[in-house]
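S.K.: The sequence and its predicted three-dimensional model are supplied below.
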Amino acid sequence: MLLLLQMDKTQIGCSNVEACMIPGAIAAYQLNNNKRQERGLHPLDAMTMPCITMIGTRPTFYLVPVTKALSDAVISCQYPSARTEVLKCEVAGDHNGGIEAPEHRGMALQYYVAFKSLAKSHWEKFLR
């Protein structure tokens, strides 16, 4: 799994998109390491998962670092011993609007293009 996309699903479940995204990133780390082990590769000690959340049509971009220690803490229902800092980038503009507003479309597209390059730099580490 190379990218996590989390949609706002307030009508059918989680109302805090970020709170749903973090466990998804941890699960992706675990899945990726399981796949690596199935292929005879060593699991990675850390991965930075590129993530995008969508609230309506408004994207927010994240880089979520997931370590073995964080994954193990979640598996054992323990509070992690080290702090995890997530990088977040919001598309500037009206917080109520999304890319349906013409003035925000071009800016949002520029963010997507920039994030694609950034995410790809993290994907390359996973694929080795």
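M.R.: Here it is on my side, so go on. The structure presented is a predicted model; accordingly, all values stated were derived computationally and were not measured.
S.K.: what pairs with the most centrally placed residue in the chain across the strands?
M.R.: Compute the mean C-alpha point of the chain, and by CA atoms, centre = their mean the closest residue is residue 51, 2.4 Å away. Following DSSP bridges, residue 51 is listed with bridge partners residue 4, residue 62.
S.K.: likewise the one 4 residues further on?
M.R.: In this structure, residue 55 has beta-bridge partners residue 58, where bridges are defined by DSSP bridges.
S.K.: which regions of the protein lie under the pLDDT threshold?
M.R.: Applying pLDDT under 70 to the chain flags residues 1-15, 93-100, 125-128.
S.K.: what ranges do the helices span in it?
M.R.: Here the chain has its helices, by DSSP state H, at 17-38, 68-75, 102-126.
S.K.: Turn these into CSV, columns for mean neighbour count.
M.R.: (Each C-beta comes from the backbone N, C-alpha and C, glycine too.) Output for these, formatted as CSV (neighbours: other CB atoms under 10 Å):
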stretch, mean neighbour count
helix 17-38, 17
helix 68-75, 16
helix 102-126, 13
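S.K.: and residue 87, which of the ones you listed is closest to it?
M.R.: Between residue 87 and the helices of the chain, the tightest spacing by CB to CB is seen for helix 102-126, at 9.5 Å.
S.K.: Wait, the residue nearest to the centre of the chain touches residue 24, no?
M.R.: Yes - under the criterion of CB atoms under 8 Å, residue 51 is in contact with residue 24, at a separation of 7.4 Å.
S.K.: List the buried residues in stretch 55-63.
M.R.: Across stretch 55-63, burial judged by 16 or more other CB atoms under 10 Å covers 58-63.
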